[in-house]
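K.L.:
next come a sequence and a model predicted from it.
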Amino acid sequence: MTNMHTSRQLTFADDNNDKTSISVTILETFDTSASYGLYLWPCSPILAQYIWYNRNDFIGKNILEIGAGTSLPGLVAAKIGAQNVILCDNPKIDKWLPLIRETMKLNMMIADRICIEFLDWYDEESIDGVIKKYFPSDVDIIIGSDIFFDKKDFETILALLDKLFTYKNSSLKFIGTIERRSRSTILKLNHLIYAWNMTLDIVPLNSFNGDAIHPNIIAGHDIVLFSIVKTTQK
């Protein structure tokens, strides 16, 4: 890679049991003209830690990561035994594809279970292409790290989730992380989730050791992990 890129290795392990640990190497770029999504933001290791800690819920499952960027959570899911992992990001991020392909080379043992797809959540044709290829049978869990970043995108992302939920009825859920950059961030997200007839549940970080990992990345950031499901009509 060029000098605009760097590699970073992250290890996930149980307390006092190094035998079960895994390491994932990711590449990130500091060229902000490419995309801010090609940098490891603090939300990503938190979501990855949740997947590692709850790996029994992901083993053998088909995982769709939207807004994947450096793709750490998806790579962890693949490495702990997910059946298939689909990494999606915007085709307008022209440096994402070579970055993630190079990342896969660095993690060769998991490359055979990873699919790479472009997904632009503002483009119905792009969305329909992913649905036609993978739904309803090939996605069990949707994940996303810090995709609720710009408030103007919130409702568009929820519209995407709503469409994906439709193809799996009540069995599909989204698990994601968000950084609470302002009080209005969660307030607006909660309001829109209610309007879209969905339910949000926050998972305490200390319930999966998310409050204690990678302090050099996480320190000083207020991260929230949550799930979203379609509200069941009574």
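P.N.:
Structure received.
K.L.:
and the residue nearest the centre of the chain, its phi and psi?
P.N.:
Nearest to the mean C-alpha position of the chain, by C-alpha atoms, centre = their mean, lies Gly144 at 2.7 Å. Main-chain dihedrals, Gly144, degrees, to the nearest 10: phi -160, psi 130.
K.L.:
these two touch, right, it and Ser71?
P.N.:
No - when contacts are counted by C-beta atoms under 8 Å, Gly144 is not listed as touching Ser71 (11.2 Å). Using the backbone N, CA and C atoms, a C-beta is placed for each residue, glycine as well.
K.L.:
overlap in contacts, those two.
P.N.:
Residues touching both Gly144 and Ser71 by C-beta atoms under 8 Å, 6 or more residues apart in numbering: Glu65.
K.L.:
related to what we said a few turns ago, which residues does the residue nearest to the centre of the chain bridge with?
P.N.:
Listed by DSSP bridges, the beta-bridge partners for Gly144 are Gly176.
K.L.:
what lines up beside the lowest-mean-pLDDT helix or strand in the chain in the sheet?
P.N.:
Ranking every helix and strand in the chain by mean pLDDT, DSSP states H and E puts strand 17-29 at the bottom, with a mean of 84. In the sheet, strand 17-29 lines up against strand 5-14 (antiparallel) (DSSP bridges).
K.L.:
C-alpha coordinates for the partner strand, PDB please?
P.N.:
The C-alpha trace of strand 5-14 is given here as PDB (Å, rounded to 0.1, in the frame of the first residue of the first chain):
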ATOM      1  CA  HIS A   5      -2.300   3.800   4.300                       C
ATOM      2  CA  THR A   6      -1.400   2.000   7.500                       C
ATOM      3  CA  SER A   7      -2.200  -1.400   9.000                       C
ATOM      4  CA  ARG A   8      -3.500  -2.000  12.400                       C
ATOM      5  CA  GLN A   9      -3.900  -5.300  14.200                       C
ATOM      6  CA  LEU A  10      -6.600  -5.700  16.800                       C
ATOM      7  CA  THR A  11      -6.900  -8.700  19.100                       C
ATOM      8  CA  PHE A  12     -10.100  -9.900  20.800                       C
ATOM      9  CA  ALA A  13      -9.800 -12.400  23.700                       C
ATOM     10  CA  ASP A  14     -11.600 -13.600  26.800                       C
END
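K.L.:
mind listing what's buried in it?
P.N.:
Within strand 5-14, the residues that qualify as buried are His5, Leu10, Phe12, counting by 16 or more other C-beta atoms under 10 Å.
K.L.:
and if you look at stretch 80-88?
P.N.:
Of the residues in stretch 80-88, Ile80, Ala82, Asn84, Val85, Ile86, Leu87, Cys88 count as buried by neighbour count, 16+ other C-beta under 10 Å.
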